[in-house]
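Student: predicted model, plus sequence, below.
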Amino acid sequence: MKMKSFFAPTVEEAMELARQEMGPDALLVNSRKAPPEARALGEYEVVFALLPEEAGEKEPERAAEPKAESPSSAAVTLELALLRKQVEDMGRAFTSLKAHTSTWAAPAPEFAEIYSRLIEYDFSSELAQEIVKQAHARLDPDAACWPRRRVPFEASAIERAVRTELEGVISVNATLETTAETARVVALVGPAGCGKTTTLVKLAVSHGLASSRRVHLISTDTRRVSGAEQLRTYATIIGATFDAVDTPRGLQQSIEGHREKGLILVDTPGYGALDMDEAAEWARFFSNQPGIEVHLVAPASMRSADLGRVLDRFEIFSPAKLIFTRLDETSSAGAMISESVRTGKPVSFLTGGQQIPEDLEPANAARLLELVFERTAVRAVSAA
């Protein structure tokens with residue numbers, strides 16, 4: 001069977017090219033937007049096929065001769081070709097999945113499904129394996145003894161055991177209490193566009209509502225046009241004092257001048273992977289200031305590998321806690337929990353949405369587990 005792709009600005013034009021070259025007996029196999037690497041050839045791609053007898057024809061007039069293969073047989077041939085392509089696609093997907101699972105075997109067959117789910121929820125393979133092993137040990141403490149257990153484990157018991165083990169490794173710390181003597185100083189760092197400024201304002205408002213002491217806001221964001229002005233506007237709206245500084249010395253002076261406040265919040269520029277040289281001076285300052293608590297802000301919607309790279313990149317700031325934003329844009333908390341465990345840093349706050357301060361919530365283990373199991377359960381029901 002001969003198959004060929006044709007490209008054109010529209011599907012209709014691509015089909016016409018195919019008919020002209022392959023003849024009226026050519027069968028349409030697929031039509032789609034052209035992939036980026038082939039977009040220069042045309043906006044759309046259509047794939048046509050000629051069955052073996054038709055592909056070998058040399059004379060146009062022979063198309064009218066009777067064919068040895070019946071129409072139903074021709075359809076079966078084409079269907080087999082399409083099925084072969086689907087099998088190849090499935091094989092590639094299986095190879096990708098096998099890369100996660102082939103090097104590790106579940107402690108019992110019934111635990112393979114929950115391990116696959118944890119990987120699907122974007123948990124790291126290391127944490128997923130450890131959680132599953134501990135859950136198995138919880139349900140079968142005599143697993144090493146002989147004879148081995150023959151009664152199957154119930155799926156509900158396995159999930160409960162996994163929840164219990166996850167709850168034991170989740171670390172949270174959402175305290176922002178201040179003393180009467182001096183202000184608590186908190187700085188937010190993170191990549192550009194992660195929601196630092198909005199999160200800082202949510203913290204300022206929620207603290208202001210819960211305390212009679214005022215809040216002081218500081219912006220060190222001189223990299224963006226009007227970067228500091230955005231926070232200045234927020235400060236005016238919520239009744240907080242405000243300073244914009246462009247050096248570590250200026251930041252230190254602003255902090256010292258407002259020690260009587262209840263909470264001092266410091267906003268910093270967003271740094272990309274290529275900007276970390278510019279961040280070095282500020283990173284050294286924060287790392288050498290034990291009185292400033294640094295929270296690293298990162299989007300919960302990031303893939304696990306990307307999130308890990310961001311957290312490693314900002315380690316030069318010596319962050320003490322993690323804040324995750326954009327909870328409304330993700331369906332699972334696996335990457336958040338995995339990175340919190342890997343880095344040994346507790347999660348302090350979670351945000352999802354732009355409402356101030358309603359879309360800010362203190363992190364707790366129950367909420368993170370809900371994001372792992374309940375939300376994915378809803379997604380599975382929707383898919384079904």
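Tutor: On my side now, so go ahead.
Student: C-alpha only now, for contacts and for neighbours.
Tutor: Noted.
Student: start to end distance for stretch 272-279?
Tutor: For stretch 272-279, the first-to-last residue distance is 10 Å (CA to CA, to the nearest Å).
Student: buried set for stretch 329-342?
Tutor: Buried residues in stretch 329-342, counting neighbours by 16 or more other CA atoms under 10 Å, are found at Thr330, Ser331, Ser332, Ala333, Gly334, Ala335, Met336, Ile337, Ser338, Glu339, Ser340, Val341.
Student: just stretch 215-227 next, same as before
Tutor: Across stretch 215-227, burial judged by 16+ other CA under 10 Å covers Val215, His216, Leu217, Ile218, Ser219, Thr220, Asp221, Thr222, Gly227.
Student: ok, stretch 167-185 next?
Tutor: Val169, Ile170, Ser171, Val172, Asn173, Ala174, Ala183, Arg184, Val185.
Student: any chance of the residues you listed in CSV, plus secondary structure, pLDDT and distance to Thr236?
Tutor: As requested, the buried residues of stretch 167-185 are exported to CSV (DSSP: H, G, I helix; E, B strand; the rest coil; pLDDT from 0 to 100; distance: CA to CA, whole Å):
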residue, secondary structure, pLDDT, distance to Thr236
Val169, helix, 94, 41
Ile170, coil, 95, 37
Ser171, coil, 95, 35
Val172, strand, 95, 32
Asn173, coil, 94, 29
Ala174, coil, 89, 26
Ala183, coil, 82, 20
Arg184, strand, 89, 21
Val185, strand, 94, 20
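Student: phi and psi next, for Gly257.
Tutor: Torsion angles at Gly257 (phi, psi; degrees, to the nearest 10) stand at phi -80, psi -10.
Student: same check on Val29?
Tutor: Dihedral angles (degrees, to the nearest 10) for Val29: phi -100, psi -40.
Student: surely Glu339 touches Gly308?
Tutor: Yes. At 6.4 Å, Glu339 counts as touching Gly308 under the criterion of CA atoms under 8 Å.
Student: can you pull the contacts of Ala204?
Tutor: Val215, Leu263, Leu265 (CA atoms under 8 Å, 6 or more residues apart in numbering).
Student: which of the buried residues of stretch 215-227 fall in helices?
Tutor: Using DSSP state H, the subset of the buried residues of stretch 215-227 located in helices is Gly227.
Student: quick one: neighbours of Asp25, just the number.
Tutor: Neighbour count of Asp25, defined by other CA atoms under 10 Å: 14.
Student: what of the one 4 residues further on?
Tutor: Counted with other CA under 10 Å, residues neighbouring Val29 total 17.
Student: these two touch, right, it and Glu45?
Tutor: No. The pair Val29 / Glu45 is not scored as a contact, 10.8 Å apart, by CA under 8 Å.
Student: list the buried residues of stretch 226-240.
Tutor: Gly227, Ala228, Leu231, Arg232, Tyr234, Ala235, Ala240.
Student: could you give the average pLDDT over it?
Tutor: Across stretch 226-240, pLDDT averages out at 86.
Student: give me phi/psi at the residue positioned nearest the centre of the chain?
Tutor: By CA atoms, centre = their mean, the chain has its centre lying nearest to Met302, at 2.7 Å. Backbone torsions of Met302, given as degrees, to the nearest 10, read phi -70, psi 150.
Student: grab the nearest non-local neighbour of Glu181.
Tutor: Glu260 (7.3 Å; CA to CA, 6 or more residues apart in numbering).
Student: and the one you found, how many neighbours?
Tutor: Neighbour number of Glu260 under other CA under 10 Å is 18.
Student: which residues touch stretch 251-262?
Tutor: 178-185, 211, 213-216, 218, 220, 243, 245, 264.
Student: quick one: the strands in the stretch 201-350 of the chain?
Tutor: Assigned by DSSP state E, counting those that start in this stretch, the strands in the stretch 201-350 of the chain fall at 215-219, 241-244, 263-267, 292-299, 321-325, 347-351.
Student: can you check the stretch 51-200 of the chain too?
Tutor: Secondary structure of the stretch 51-200 of the chain (DSSP E, counting those that start in this stretch): strands at 184-189.
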